[in-house]
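S.K.: sequence below, structure please.
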Amino acid sequence: MNGRKAILCAVALLTAVLPVSCLFDPVDLGSVDDLRSEFDLVWNTMDERYVCFHLSDADWDALYRKYSPLADQAESQDELMQILFDMLSELDDQSITVNGRPTHPRTIEPNCDMDVLWTYLEPAGFRWVIPNAWGYCMMDNTLFIMIAHWSVRNVDLQNLIESHPGVDAIIFDIRMNDDRFGSPLGEVCRTFNTVTRIGCFYVSRGGPGREDFSELQPILVSRSTDAYTGPVAVLTGEANWYLSEQFACMVSEIPTVTTIGDTTMRRTDWIAVYNLPGNSTFGIPESTMVRADSVTWVHEAGIPPDIFVDATEEDFLAGRDPVLEYALEWAEGQANRW
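M.R.: Sure, this is the predicted structure:
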């Protein structure tokens, strides 16, 4: 390994709606014992590209002073990666990974139990349109649509709604959805949108300073002349990240949509994963989502629901789905208003 060059190249660990960024930056790490150069390489890459420093209480320069002496003492790649893991974990960011391992894992409390949910859906005659991806049923005069995976098109949703004329409301359940890849969400959101609007922004670093950001890049929700204009409930929860979190963010801007359930996971970041010697990697958010108000960072706040409904393990053990039950009552109330 003497004289080896380490090639840092970002690889795609991104959602279908996020662009692939590739960094190709040959760096001479010197001899096999020059692990300190590798430490500096990681620290500098973070310093130049990481987008969420301002959301952490950690002092990045102080972390360099704390951990660089440890890097001087490292005797192996494994030791160095543990040092990097410990340093990056102090940023308290669940999107940062070392060798695929989150440095700040978050405990998720799901607000959906699929075994319990089926006890509501099967008696209502639920049927899959695409098996194990998405399907629907009627609950009284409410059209219930479950999106377990993003394999749904706007045209299919519109056709489904048109085949059920006179529904009082639609419930769109994405609580179980944790997809990274799938349908173009702007197209799905069009199903309920009559006016083109900004659904969210994305932002990345735009200069050498840790709070030098690029201009906000808008993600639009296009209008549809055939949009459903009745009331829509979107059921959300902590399991929603990437595509589902972006969807929750975008539909929250549509006046006829009410989000019900729990706050989303706070992981809408564009992640770049960099290769290091010895098959090691580290991944960092290089861009992230800002809500349509242009000031609220989803990485920090998630997407809180319009109506919070608690769902506990005790509820599930009792065979209840409080979020769905509330949504059905909400839908009945909407019918009485129209």
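
S.K.: got the CA positions of stretch 140-154 in CSV?
M.R.: What follows is stretch 140-154 as a C-alpha-only set of coordinates in CSV (Å, rounded to 0.1, in the frame of the first residue of the first chain):
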residue,chain,number,x,y,z
ASP,A,140,-68.4,3.8,4.5
ASN,A,141,-68.2,6.7,2.1
THR,A,142,-64.5,7.3,2.6
LEU,A,143,-61.9,6.0,0.1
PHE,A,144,-58.9,4.6,2.0
ILE,A,145,-55.6,4.3,0.0
MET,A,146,-52.6,2.6,1.5
ILE,A,147,-49.2,3.4,0.0
ALA,A,148,-46.8,0.8,1.4
HIS,A,149,-44.2,1.5,-1.3
TRP,A,150,-44.0,4.3,-3.8
SER,A,151,-45.1,2.5,-7.0
VAL,A,152,-48.1,4.6,-7.7
ARG,A,153,-48.8,7.0,-10.6
ASN,A,154,-50.9,10.1,-10.6
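
S.K.: the strand or helix carrying residue 286 - what's its average pLDDT?
M.R.: When secondary structure is defined by DSSP states H and E, residue 286 falls within strand 280-291. Here the mean pLDDT over strand 280-291 is 96, rounded to a whole number.

S.K.: from the middle of its chain, how far away would whichever helix or strand comes after it be?
M.R.: Toward the C-terminal end, the helix or strand that comes next after strand 280-291 (DSSP H and E) is helix 298-301. The gap between the average C-alpha position of helix 298-301 and the chain average comes to 10 Å, counting by Cα atoms, centre = their mean, to the nearest Å.

S.K.: neighbouring strands - and their directions - for the helix or strand that helix 298-301 is followed by?
M.R.: Using DSSP H and E, the helix or strand that follows helix 298-301 in sequence is strand 307-308. On the basis of DSSP bridges, the sheet neighbours of strand 307-308 come out as strand 257-261 (parallel).

S.K.: tabulate the CA atom coordinates of the partner strand in CSV.
M.R.: Taking only C-alpha atoms (Å, rounded to 0.1, in the frame of the first residue of the first chain), the coordinates of strand 257-261 have been written out as CSV:
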residue,chain,number,x,y,z
VAL,A,257,-54.9,18.1,2.8
THR,A,258,-54.8,17.5,6.5
THR,A,259,-51.9,15.5,8.0
ILE,A,260,-52.8,13.3,10.9
GLY,A,261,-50.6,11.1,13.2
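
S.K.: any buried residues in that strand, and which?
M.R.: Burial within strand 257-261, assessed by neighbour count using 16 or more other Cβ atoms under 10 Å, is assigned to 257, 258, 259, 260, 261. Where you see a C-beta, it was placed from the backbone N, CA and C, and this is true even at glycine.

S.K.: now do it: everything it contacts.
M.R.: Applying Cβ atoms under 8 Å, 6 or more residues apart in numbering, the external contacts of strand 257-261 come out as 111, 175, 192, 231-237, 248, 251-252, 303, 305-309, 311, 323, 326-327, 330.

S.K.: what about 6 Å?
M.R.: Strand 257-261 has contacts (Cβ atoms under 6 Å, 6 or more residues apart in numbering) with 111, 192, 232-237, 251-252, 305-307, 309, 323, 327.

S.K.: quick one on the thing from earlier: remind me what the strand holding residue 286 packs against, helices and strands.
M.R.: Contacts defined by 3 or more Cβ pairs under 6 Å, 6 or more residues apart in numbering; DSSP states H and E place strand 280-291 against strand 197-204, strand 270-276.

S.K.: counting by contacts, list what the longest one packs against.
M.R.: Helices and strands touching strand 197-204, by 3+ Cβ pairs under 6 Å, 6+ apart, are strand 217-221, helix 243-251, strand 280-291.
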